[in-house]
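Q: model this:
(chains A and B)
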Protein chains: 2
Amino acid sequence: MPDVLESLVSLCKRRGFIFQSSEIYGGVGSVWDYGPLGIELKRNLQDRWWKSMVRARDDIEGLDSGILMHPRVWEASGHVGGFVDPLVDCKNCKRRFRADEPTIKGTPGAPDAQCPSCGMKGTLSEPRQFNMMFKTFMGPVEETAAVVYLRPETAQGTYVNFLNVQQSMRKKIPFGIAQIGKAFRNEITPGNFIFRTREFEQMEMQFFVEPGTDMQWFDYWREERMLWHRGLGLREDRLRFYDQRKDELAHYARAASDIQFDFGGSLGFAEIEGVHNRGDFDLARHQEFSGKKLEYFDQPNNRRFLPFVVETAVGPNRTLLALLVSAYREEIVEGEAEGRTVLGFHPALAPVKAGVFPLVKKDGMPEMAEKIAADLRKQFPVFYDESGAIGRRYRRQDEIGTPYCVTVDGQSSVDGTVTIRDRDTLAQERVAAERLGEVIAARIAAG
Amino acid sequence: MPDVLESLVSLCKRRGFIFQSSEIYGGVGSVWDYGPLGIELKRNLQDRWWKSMVRARDDIEGLDSGILMHPRVWEASGHVGGFVDPLVDCKNCKRRFRADEPTIKGTPGAPDAQCPSCGMKGTLSEPRQFNMMFKTFMGPVEETAAVVYLRPETAQGTYVNFLNVQQSMRKKIPFGIAQIGKAFRNEITPGNFIFRTREFEQMEMQFFVEPGTDMQWFDYWREERMLWHRGLGLREDRLRFYDQRKDELAHYARAASDIQFDFGGSLGFAEIEGVHNRGDFDLARHQEFSGKKLEYFDQPNNRRFLPFVVETAVGPNRTLLALLVSAYREEIVEGEAEGRTVLGFHPALAPVKAGVFPLVKKDGMPEMAEKIAADLRKQFPVFYDESGAIGRRYRRQDEIGTPYCVTVDGQSSVDGTVTIRDRDTLAQERVAAERLGEVIAARIAAG
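A: Below you'll find the predicted structure:
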């Protein structure tokens, strides 16, 4: 794991961003819980996507389909047959590996192949296909007829609802359907903190277009999505496109471009979003498997056709990790012995918008500061803190990325002003306490 | 199913609130997908809960724990051993029933017991215990060691993170931890539309208090939660408490009060939220099963103890159904032949805040109306509609609960004013187009 990720795992646990799932029971493989600050950061990120993709546009509608779906959905999508990883296991130590695991020496199944765990030769099995969908049983008995899967992606829930959404909302092509939700993949080698996990979230949008216009829309969304990530404050030098070559494309894709972020260390540049031209593959398959026509009726031209789909698929957990990596910095502060750790989040994304402190615990300062905190809390999350030296309280807020700190001092009771300190510039200004809500809101909006 | 639920199932599908999951494949038992309007309504409801329970308070923190947890969690909680329904099956027709199914005549297992489906006597088995947790397998093979469960409630994810949250956020008792998330129960008899489903959402808050103060906090939260439901606009005459008698309490509960809503028809009054005094049952069990101390350290008094827990547990899907039932009305409009169907949602919860129409499709009215719609869309969801008679367009918005309709007419190009129509009073007023955003925002806030 890259160094900055290691620092982040520790900071995230200590400061309430991310905890290992079921930690008191020794943890559960590759599932993470979001603590008080992590869930605020995630909500801010997801709300921002929802607002820009759904609420601010007239050509995209929202959807929220179930995690459990009819099993035929996954036959049609190709996941039952094709969503597989080749696995090998060691007859000696019983451990399992992906067949393409680079630490395996030799060809699995051959006598010279060496187990990367126990070191024995000739004990690795031939690769077997392993489906990455989690399966469960619906209804009172476990039998084949009752098998259902935890969805490995939200997109299929959108395709099977294409006509429901189009008709109920009377949409004309081109239009999109967006959803945010959980998906599950039984990964063999999860890792890199929240980068690859078995339970994760997706923010996916399927844009339905007339065939022939699909590459224009692909180009449009490729650019739009990169602008969105830049707007989050992700550092530009750490973002890039990776356009897939023809021979790299999934069988259903006509074109695909990844938006990658440089996480540093051994992970390096890795995908945080994929933009895909999926053609009419999915709708055609669902039409075939369900026996229901899924064609769009183009009224002005009196013709029916299957639309093509351009998909934008973000991993919010990965994007959240990118935000943490991008925001993390350790700094020396001029004239101070101790350095500081800062999460320099975009103010609109920061989980806490303002720290509010009395300079000292006397002279009515705590009362005034508590009142200010209570007032500001009506607008956004604030953190009241009266314990420890003021410098230490500033550091605590820097470390969780709070953009503004408000301090009530001796002058406050005289003229009703307080200081407001900027996390990044460290500049302090005096502001009338009663104007704080408006001042901070304006700075967040401009940030 | 009560009549109003039947009308709602149809309206919800037709107007994009709720679709049956995987409908093109014949549907999947008791899972529902939220369409464009349904997800906006659900988001508004969940955001309102989050804002009032987490962001507006300084004594509750948010959390978002995983659906997949360590299997020992469910042994400690009692779900592996106790979360069971007794089932019987018919040897003749192979159908399964809950043992307490009222249509079964006689005692299952006895020769005179009659199958409610095929009518045969003596074919019903003795009751067998059936666990309602969905199970799946994590890792590459299906074996007992790899069994994990889909959580049947979010609460346990909170208990196992109690110390993580308390310590990282430096909370002092009393304080709460709130989360919104999906849960899964393999119900034998789901039904009543979205009232009882196998995949559903929860909005749960666990409030950790000093033992001895638990009944005061129980009373506090019982009242607070009822006020919250009233604030949603749920009709007061349809809301009531049901205080459980001692002999009705779950084994872990010291007191429990349900908030019930009258759904009408055969469903009648049914629980939409439960407020429970769980004592220290859960923390004590997790302490025992994990071997990790979960005591709170009370610094001023230098003592350690297990807090008691008061839980508030809302079903947002049920509350959303209550909102639909409460809002639904069919009305005769004076002087008009056709009646209208209205969803009279609280304006803050309505999925679309404003419909925007040109009176006719000429004289620059569509252009002006489109510009108004685009401006308003920056603030909240709006629906632009230019097709059909104006009366019909009003009706379409009434049916989805849009509180305000804005119409651009002949006078608009002359003096820059438009009409704004109120969904409930049908009153129309002229307002300067440029002030619309502010006028509508003020009405939503006051609504």
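Q: measure the nearest residue to A:Leu234 once chain neighbours are set aside to chain B for me?
A: Closest residue to A:Leu234 apart from its sequence neighbours, by C-beta to C-beta, 6 or more residues apart in numbering or on different chains: A:Ser326 at 5.0 Å. Glycine gets a C-beta too; all of them are placed from N, C-alpha and C. Using C-beta to the nearest C-beta, to the nearest Å, A:Ser326 is found at 22 Å from chain B.
Q: which elements pack onto the host helix or strand of A:Tyr220?
A: Using DSSP states H and E, the element containing A:Tyr220 is helix A:214-231. Packing partners of helix A:214-231 (3 or more C-beta pairs under 8 Å, 6 or more residues apart in numbering or on different chains; DSSP states H and E): strand A:199-209, strand A:239-243, strand A:255-262, strand A:269-279, strand A:308-314.
Q: relative to chain B, which of the ones you listed is closest?
A: Checking the helices and strands packed on helix A:214-231 against chain B by C-beta to the nearest C-beta gives strand A:199-209 as the closest, at 5.2 Å.
Q: partners of the closest one in the sheet?
A: Applying DSSP bridges, strand A:199-209 is found paired with strand A:175-184 (antiparallel), strand A:308-314 (antiparallel).
Q: just checking: what are the partner strands of the helix or strand that A:Thr136 is a member of?
A: For A:Thr136, the host element (DSSP H and E) is strand A:135-137. Next to strand A:135-137 in the sheet, as set by DSSP bridges, lie strand A:147-149 (antiparallel).
Q: buried residues in the partner strand?
A: Across strand A:147-149, burial judged by 16 or more other C-beta atoms under 10 Å in any protein chain shown covers A:148-149.
Q: A:Pro36 touches B:Asp58, doesn't it?
A: No - contact criterion C-beta atoms under 8 Å: A:Pro36 and B:Asp58 do not qualify, at 11.9 Å.
Q: so between the two, which is more surrounded?
A: Per other C-beta atoms under 10 Å in any protein chain shown, whichever of A:Pro36 and B:Asp58 has more neighbours is A:Pro36, with 28 against 16.
Q: ok, that one - contacts?
A: By C-beta atoms under 8 Å, 6 or more residues apart in numbering or on different chains, the contact list for A:Pro36 reads A:16, A:351, B:61-63, B:165, B:168-169.
Q: again, only using 10 Å
A: With contact taken as C-beta atoms under 10 Å, 6 or more residues apart in numbering or on different chains, A:Pro36 is in contact with A:15-17, A:351-352, A:381, A:400, B:54, B:60-64, B:161, B:164-165, B:168-169, B:171, B:177-178.
Q: what's the distance between the residue nearest to A:Leu234 and A:Asp424?
A: Distance, A:Ser326 to A:Asp424, by C-beta to C-beta, to the nearest Å: 14 Å.
Q: the contacts of A:Pro36 in helices, which ones?
A: Among the contacts of A:Pro36, the residues falling in helices (DSSP state H) are A:400, B:164-165, B:168.
Q: re the thing from before, who's more crowded, A:Ser326 and A:Asp424?
A: A:Ser326 (22 against 12).
Q: wait, isn't the more buried one in contact with A:Gly233?
A: Yes - counting by C-beta atoms under 10 Å, A:Gly233 is a contact partner of A:Ser326 at 6.9 Å.
Q: which residues do the two both contact?
A: With contacts taken as C-beta under 10 Å, 6+ apart, the residues that reach both A:Ser326 and A:Gly233 are A:344-346.
Q: find the nearest non-adjacent residue to A:His346, please.
A: Per C-beta to C-beta, 6+ apart, closest to A:His346 is A:Gly233, 3.7 Å.
Q: so which strand or helix has that neighbour?
A: Using DSSP H and E, A:Gly233 falls outside every helix and strand.
Q: how near is it to A:Ala348?
A: Between A:Gly233 and A:Ala348 the computed distance is 9 Å (C-beta to C-beta).
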